[in-house]
Structure formats: structure tokens, C-alpha cells
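1. Generate a structure from the sequence data that follows.
(chains A, B, C and D)
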Protein chains: 2
Amino acid sequence: MSEATRQGGVRDRLLAAAVEKLEASGPESLQARPLAAEIGASTMAVYTHFGGMPQLLDEVTREGFARFDAQLACVERSDDTIADLLALGIAYRQFALENPQLYRLMFGLTTPGTRRAKERDLTTEGSPTSVSEGISAFNHLVDAVTRAAESGRIVAEDPVAVAGQIWSATHGYVLLEIAGVFGHEGHGLVRTLQPLIINLLVGLGDDRADVEASLARALDAV
Amino acid sequence: MSEATRQGGVRDRLLAAAVEKLEASGPESLQARPLAAEIGASTMAVYTHFGGMPQLLDEVTREGFARFDAQLACVERSDDTIADLLALGIAYRQFALENPQLYRLMFGLTTPGTRRAKERDLTTEGSPTSVSEGISAFNHLVDAVTRAAESGRIVAEDPVAVAGQIWSATHGYVLLEIAGVFGHEGHGLVRTLQPLIINLLVGLGDDRADVEASLARALDAV
DNA sequence: GTCCTCCTATAACAACGTTATGTACAGGTA
DNA sequence: TACCTGTACATAACGTTGTTATAGGAGGAC
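-> Below you'll find the model as predicted:
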């Protein structure tokens, strides 16, 4: 373990290997023995550094939200608040499609493969810590909605509720796209997600032509 | 096994026990030994009747879609096509909230707890059979959208695409509600789902007051 | 040097999915 | 009736999983 240990602690390398392996081979491949072997350590490393596989999964979830938050924070702001909102949605979808396994784990949709983690409650399965951290990523959306409302483009008396609506729509679409419902050639994006968000924003008070112009602007900004 | 065998075959009782246990204790509790013991049989019953735990999970998924389809089929039609559409959404949410574990399994969001089912592809994880059967349930929505478009309430040149939009929104909201994001007192329904669908339908061309009237009608019909 | 603490490797345990083996019971054929 | 065939079942075993117990070793405090 002489040279392997050099690049970061055992804990960090274990966590990094877990995140990578999750996306590569799915959650059921996150097993204590192969994971530890991958970084040249023994199984005990999982228990001394995390306490067990469920806690390691929690840390993977936390790491996922951190990356998610970082990616959403990269979205720049312009004077077109709707374009900013749409750009946020584009970044949201991009993260989910690039990290589908991580995305599902983050939102409690992945069942922990660990057998003995039966104490988890169903309704709070998003894991208590991860939900509160997920709020950080959610706040990006609330901010964008608030700015869009302040700019007069949409009506949002309750920005949190409006953000919840947009979140629901995007979340649902992204999961269905990951599941392959819309086909694998990106047809779903222009046939479903873009019209969905456009229609929703029109319903929220914006003009359709203005939304489409903002969408074009957001797509160019990528 | 004298009296236990009487009520239905071993296969049916095994499947019924699996569905019940899934909703009661989560997917990781679907284990061969306890399941077989629950109906007074030995573990081999799982293999003679299903071939293994993954196939049993597939059958549970199929059963879920059958129940889902049956529940959606119960929604009656009226001359208010938007009210019918909303009633379908109400039934959709009701099924998902009453069978959250089954719902997540159906849409491939639950990782099979069985370790050796590694051959599953990520993009087709909705499982090949279940997606095609899920289309049956989806067709209820497409029909409702088509009728709403024909009645002139909304504009839907591509009813399948519009149905996909409504599906995405409802699916996403329901999953977030199951995850407990909107709190557990049903605030999410009136603050998020109802405004979301209303705004979406307004964006699709209907009048806001008409949508709200139809929603009231759909809620009364329950 | 001595002690203390943390981390680690090895080995073992219970439980899981799965498979192999032997047995009991059903239905057809003579 | 007697025999054969095949399906369904119970028992036991195998490999792998998460986890735990135990012993060994590295690095600082005094």
C-alpha cells in the first residue's frame, strides 16, 4: 500500500471508488470486499472509516448532492431571467443524464443493497441528511424563480411552490428519460421536456414567443 | 401444508405474499427464504415456479402494472374532458401513494435486491416486459389527452407528446411527494401538484377559470 | 524504553441466492 | 393392479455477502 496510499487518505479513495463504481456498474455492485480490494485495502477499511455499507452509501449520496450543487452553481446569470431558469433546467438534466445512478440514489430511489439497513423509513428514504443538503441545490431553483417573478415575466406569489412545480416536472421527465421511455435518441427533449417547460411557463404568465426566445438564448449559452 | 394449500396454488400465494411484503417492508425484504416460509413452503418453490428471485420480481412488477391499469380503467368519462383528465391524475396519484414501493419497482426505480441480477442494462432497467405493459396504463392518458384536444379545450397536435408532458409532471411530483419533500400533511397537493397541472393545461390552451371548474368537478366525482 | 491509540489484515459467523439430490405424489399405459 | 414418467417438494450444501472478533503494527507522549 506504499504508493497507493499517497494520493489521499483511505477514506477519500474509498469514497471516490464507490462513486465511480456506482455509476459504472450500478448500486448492487457497491460491495464491501470488491470496493476495498479496488483501493488495495481490506474490508475493515469500510468499517473503520464509515461504520458500514449503509453509512458509506450515505456519504456517496452526500457527495452526489455536493457535485450536483456545484454544477448548478456554475450556471451564470444574465438579464433574461427566464433564460437563466431554462439554463438551470438544462444543467439539471445534464447532471441527471450524466450521473443517472447517482441521481437516483440521491433522491432515495435506489434501494440500498445492504441487507441490514432495514431500519430506514419509507417516507424519509431520501435519507435525512441528504434531503436537507438537497435543499441547497433546490435553492438555486427558488432563486431563479424569484428573480423571474421579480422581473415580471411570470407570476409567482409563492416562489417555493412554483419552484416545486418546475422541479416536479423536470424531475419526472428526467427519470422517465433515464428509464428509456422516450427512446434513446433525445427525441424526448424536444418533444416532451422543452414543450413541457414552455407550456408551464406560459401557464405561469409569460408570453409564449418570449419563452421560446429565452430558450434559444439559453441553448446558445451552452 | 394441508389447509394452506387449499386457497390457490403455491405460485399465486407466493406472488401475493411478495406483493404484500414489498409494500409492507420494502424491496430488500423480498427474500427467498422468508417469503417461502410465509406461505409454509420451502425455498425451492421460488425456483420451480419462477426460476429465481429476479423472475419473481419481474412477476411482481407485472402484477403492479396490472393493478395500476385496472385502477386507471375505473376512472369514468364525462362530457368534461379536462375533468376526466384531472380525475385520471387523481387516480394516478392515489395509486402511487397507496403503493409507493410497488410504484417505484414498476418504473425501474428500485434496484432489485437480488445480487446476481447484474445483467440488467441501465437504460432498460424498467425491465423489457414491464415497460411494454406500462404502455397500457399510459394509453389511458393518451386517450384522455386526445379527447381533451378533440373537445377543443387544449391544443395537442401530438397527443402522445402532450401525454408525455403530463406524465412527466405527475410522475415527478408523485415521487417527490413519496420521498417526503413536500411534507406529510398533503400541502404539496394543493400547493404544487394542482397548480402545476392547472398551469400546464393553461399553457396548453385552456382557460384558467375553466380548468379550475373542471378540477372542482373532478374532485367532487371522487 | 514504555504506553497508548488508531488503523489494518486475517479469520470467522450468520444470512442470502442458488444448486444438487432424493423423495412423494399425480396421471397415463399395459 | 402394476409400472413408468414427470412434476413439485424438502433437505442439505456451496459460494458470496455484510459484519464482527481478534491480533498485529505504526506513530506519537511522557
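
2. Following element in sequence after the helix or strand of chain A with the lowest mean pLDDT, please.
-> Comparing every helix and strand of chain A by mean pLDDT, DSSP states H and E singles out helix A:128-150 as the least confident one, with a mean of 82. Proceeding N to C from helix A:128-150, the next assigned helix or strand is helix A:159-178, under DSSP states H and E.

3. tell me the average confidence for that next one?
-> Throughout helix A:159-178, pLDDT has a mean value of 96.

4. now stretch A:85-100
-> Per-residue confidence for stretch A:85-100 averages out to 97 on the pLDDT scale.

5. Count the residues that sit near the closest residue to A:Glu212 other than its chain neighbours.
-> Nearest non-adjacent residue to A:Glu212, counting by CB to CB, 6 or more residues apart in numbering or on different chains: A:Ile198, 6.7 Å away. Where you see a C-beta, it was placed from the backbone N, CA and C, and this is true even at glycine. The local packing of A:Ile198 (other CB atoms under 10 Å in any protein chain shown) involves 19 other residues.

6. Helices along chain A, start to end?
-> Secondary structure of chain A (DSSP state H): helices at A:10-25, A:32-38, A:44-49, A:53-73, A:81-98, A:100-106, A:128-150, A:159-178, A:187-188, A:194-203, A:208-221.

7. Only the buried residues of the last one, if you could.
-> Of the residues in helix A:208-221, those scored as buried under the neighbour-count criterion (16 or more other CB atoms under 10 Å in any protein chain shown) are A:Val211, A:Ser214, A:Leu215, A:Arg217, A:Ala218.

8. Same question for the second one.
-> When neighbours are counted by 16+ other CB under 10 Å, the buried residues of helix A:32-38 are found to be A:Ala32, A:Leu35, A:Ala36.

9. distance between it and the chain's centre?
-> Between the mean C-alpha location of helix A:32-38 and the chain-wide mean there is a distance of 26 Å, by CA atoms, centre = their mean, to the nearest Å.

10. quick one on the thing from earlier: need the buried residues of helix A:32-38 in a markdown table with distance to DNA strand D and pLDDT, can you?
-> A markdown table is the format used below for the buried residues of helix A:32-38 (distance: CB to the nearest atom of the strand, whole Å; pLDDT from 0 to 100):
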| residue | distance to DNA strand D | pLDDT |
| --- | --- | --- |
| A:Ala32 | 3 | 95 |
| A:Leu35 | 8 | 95 |
| A:Ala36 | 8 | 94 |
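
11. Give me the subset of those residues that also touch DNA strand C.
-> Of the residues in the buried residues of helix A:32-38, proximity to DNA strand C by CB under 7 Å from any atom of the strand holds for A:Ala36.

12. any idea how chain A splits into domains?
-> The record assigns chain A these domain ranges, following automatic domain parsing: A:3-51, A:61-220.

13. end to end, how far does the longest one reach?
-> I take that to be domain A:61-220. Distance between the two ends of domain A:61-220: 32 Å, counting by CA to CA, to the nearest Å.

14. nearest to B:Ala169, of the buried residues of helix A:32-38?
-> Out of the buried residues of helix A:32-38, the one with the shortest distance to B:Ala169 is A:Leu35. That distance is 37.7 Å, counting by CB to CB.

15. my guess is that closest one contacts A:Glu20, does it?
-> No: between A:Leu35 and A:Glu20 there is no contact under CB atoms under 8 Å: 10.1 Å.

16. thinking again about what came up before, wait, isn't the residue nearest to A:Glu212 in contact with A:Ala216?
-> No: when contacts are counted by CB under 8 Å, A:Ile198 is not listed as touching A:Ala216 (11.4 Å).

17. quick one: contacts for the residue in chain A positioned nearest to chain B?
-> In chain A, the residue that lies nearest chain B is A:Gly172 (2.4 Å; CB to the nearest CB). In this structure, A:Gly172 makes contact with B:Trp167, B:Ser168, B:Ala169, B:Thr170, B:His171, B:Gly172, B:Tyr173, B:Val174, B:Leu175, judged by CB atoms under 8 Å, 6 or more residues apart in numbering or on different chains.

18. Would you mind measuring from A:Gln31 to DNA strand C?
-> For A:Gln31, the distance to DNA strand C (CB to the nearest atom of the strand, to the nearest Å) stands at 12 Å.

19. One more: A:Arg62?
-> Here the criterion is CB to the nearest atom of the strand. By it, A:Arg62 lies 19 Å from DNA strand C.

20. The nearest residue to A:Ser78 once chain neighbours are set aside: neighbour count?
-> Taking CB to CB, 6+ apart as the measure, A:Ser78 lies nearest to A:Asp84, with 5.9 Å between them; neighbours along the chain are not counted. Burial measure for A:Asp84: 23 neighbouring residues, criterion other CB under 10 Å.

21. Please apply the same query to A:Gly52.
-> Counted with other CB under 10 Å, the burial measure for A:Gly52 works out to 14 neighbours.

22. One more: the one 5 residues further on?
-> Applying the criterion other CB under 10 Å, we find 22 residues in the vicinity of A:Leu57.

23. for the one 5 residues further on, same thing?
-> Look at A:Arg62: counted by other CB under 10 Å, it has 17 neighbours.

24. now A:Val190
-> Using other CB under 10 Å, A:Val190 is surrounded by 10 other residues.

25. ok, now A:Leu88?
-> For A:Leu88, the number of neighbouring residues by other CB under 10 Å comes to 21.

26. how near is the most centrally placed residue in chain A to B:Thr48?
-> For chain A, the residue lying nearest the average C-alpha position, counting by CA atoms, centre = their mean, turns out to be A:Tyr103 (4.6 Å). When distance is defined by CB to CB, to the nearest Å, A:Tyr103 is 38 Å away from B:Thr48.

27. again, but for A:Glu20
-> In this view, A:Glu20 and B:Thr48 are 40 Å apart by CB to CB.

28. Could you do A:Thr81 as well?
-> With CB to CB as the criterion, A:Thr81 and B:Thr48 are 62 Å apart.

29. neighbour-wise, which of these two wins?
-> For A:Thr81 versus B:Thr48, neighbours defined as other CB under 10 Å are more numerous around A:Thr81 (22 against 11).

30. The more buried one against A:Ala156, yeah?
-> No: applying CB under 8 Å as the test, A:Thr81 and A:Ala156 come out as separate, 10.9 Å apart.

31. picking up where we left off before, can I get the buried residues of helix A:208-221 in a markdown table with pLDDT and distance to B:Pro27?
-> As requested, these are arranged in a markdown table below (pLDDT from 0 to 100; distance: CB to CB, whole Å):
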| residue | pLDDT | distance to B:Pro27 |
| --- | --- | --- |
| A:Val211 | 98 | 40 |
| A:Ser214 | 98 | 42 |
| A:Leu215 | 98 | 39 |
| A:Arg217 | 97 | 44 |
| A:Ala218 | 97 | 38 |
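
32. about what we covered before: just send the buried residues of helix A:32-38 back as a markdown table, with distance to chain B too.
-> Formatted as a markdown table, these follow (distance: CB to the nearest CB, whole Å):
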| residue | distance to chain B |
| --- | --- |
| A:Ala32 | 13 |
| A:Leu35 | 14 |
| A:Ala36 | 17 |
